[in-house]
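In: Using only what follows, build the 3D model:
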Amino acid sequence: MDKIKIGIIGPGNIGSDLMFKVMKSKHLQMHMMAGRRVSEGIKRAEGLGFKTSVEAAEGIAADPEIKIVFDATSAKAHEAAAPILKAAGIIAIDLTPAAVGPYVVPCVNLNQLTDEMNFNMVTCGGQAVVPIAYAINRAADSEYTEIVSCIASKSAGPGTRANIDEFTETTSKALRVIGGADRSKAIIILNPAEPPLIMTNTIYSLVKNPDEKKIIESVNDIIRDVQEYVPGYRLRVPPLFDGNKVTVIVEVEGAADFLPSYSGNLDIINQGAIAVAEKLAAKMLGVK
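Out: Predicted structure coming up:
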C-alpha cells in the first residue's frame with residue numbers, strides 16, 4: 001500500500017519517539033529527521049536508514065516528497081518554521097504551544113477541521129484533560145473547569161521546562177475553546193518521586209446541570225474514544241459528585257516505543273499527533 005512521506009523537526013526524545021511511532025503506521029512513511037546540528041537523534045535516524053538534515057524547517061521544505069511534518073521543537077522555533085512549511089505546501093502538525101493553527105484534540109474536534117495547513121496539538125496536558133472537560137460540558141454545561149496535571153520530573157525535558165507558562169496558558173485556553181468551559185485554569189506539577197510515577201490528571205468542573213447519570217455516561221464514552229489512539233489512557237477515579245462540583249482523575253501510561261512507559265505526558269501528545277497525521281494521510285490516499 002502507498003504511504004505518505006513524513007518529516008520530523010526536532011530530533012530529541014519527542015521527535016525520536018514520533019519516528020518509532022511513524023515506523024509502525026499503516027499510512028505514514030518515515031522519510032526525514034531534521035534539526036540544527038548533528039545530534040544523537042540525527043545519528044539515530046541515520047542509523048535506521050532515514051534522510052537527515054541540519055537545516056531544520058528549511059531542510060524539510062526543500063524535499064518535495066514530504067507531505068506532512070511534525071514539529072517537536074519550541075513555540076518560538078515553530079513560529080519561524082510555520083510560514084516556511086506553508087509556502088512549501090507541507091501540512092504542519094505542531095507539538096509546541098505556538099498555536100499558529102487551530103487547537104486539535106483528535107477525539108473531540110478533528111472531524112470539524114478541514115483543509116487546514118497547520119494543526120496545533122495544544123499541550124501534553126491538554127490532550128489528557130480536554131476530552132474529559134468536553135465530556136462533562138456536553139452533559140452538564142461547565143461554568144468553570146480547573147485541571148492539575150502531575151508528571152514525572154524525569155519526563156519533563158528542557159522544552160517542557162522552558163514552556164511552563166505557555167503550557168498553563170494554552171491548556172487553560174483549550175479548556176474553553178474545545179472543552180466548552182466558561183472559565184478555566186490549568187496547573188502543572190513536576191513530581192520527583194522515585195521510581196517515576198505515570199502521568200495523572202485531575203479535572204474539576206463546576207456545572208450548571210449536575211445530572212450524574214449523563215455525566216458518567218459521557219465520561220465513559222470519551223474514555224473509550226481516547227483509548228482508540230492512546231491505549232494507555234484510563235480512568236483512575238470515576239466521576240465524583242459534590243453538589244454541582246464534578247471531579248474526575250485520569251492517568252496515562254506510555255506505549256514505550258522509545259520513551260519510558262511513565263512518560264505518558266509525552267506519549268499522549270505524540271499518539272494524538274499520529275492520529276491526526278493518519279487521518280490526513282488516509283484522506284490523501286483516498287482510503288477510509
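In: which residues of the stretch 1-150 of the chain fall in helices?
Out: For the stretch 1-150 of the chain, the helices defined by DSSP state H, counting those that start in this stretch cover 13-23, 40-47, 56-61, 75-87, 106-109, 124-140.
In: Quick check: which of the ones you listed is nearest to M117?
Out: Among those, the nearest to M117 by CB to CB is helix 75-87 (5.2 Å). For every residue, glycine as well, the C-beta is placed using N, CA and C.
In: as a whole number, average confidence for that closest one?
Out: Model confidence over helix 75-87 averages 96 on the pLDDT scale.
In: ok so, going back, of the helices of the stretch 1-150 of the chain, flag the one that's most buried.
Out: Each of these was given a mean neighbour count from mean count of other CB atoms under 10 Å, and the largest, a mean of 28, is that of helix 124-140.
In: what helices or strands is it leaning on?
Out: If you count contacts as 3 or more CB pairs under 8 Å, 6 or more residues apart in numbering; DSSP states H and E, helix 124-140 packs onto helix 106-109, strand 142-152, helix 164-177, strand 183-191, strand 199-207, helix 212-227, strand 245-252, helix 264-285.
In: That helix versus helix 13-23: what angle between them?
Out: Taking axes from the mean of the first three to the mean of the last three CA atoms, to 10 degrees, helix 124-140 and helix 13-23 form an angle of 70 degrees between their directions.
In: I'd like the distance from helix 124-140 to the chain centre, please.
Out: Relative to its chain's centre, helix 124-140 lies at 14 Å (CA atoms, centre = their mean, to the nearest Å).
In: could you give the angle of that helix to strand 183-191?
Out: Per the same axes, to 10 degrees, the angle that helix 124-140 makes with strand 183-191 is 140 degrees.
In: Mean confidence (pLDDT) on helix 124-140, please.
Out: 97.
In: Quick check: the nearest residue to S172 once chain neighbours are set aside vs N120, distance?
Out: Beyond its immediate neighbours in the sequence, the residue positioned closest to S172 (CB to CB, 6 or more residues apart in numbering) is A186, lying 4.2 Å away. Plainly put, A186 is 16 Å away from N120 if you go by CB to CB, to the nearest Å.
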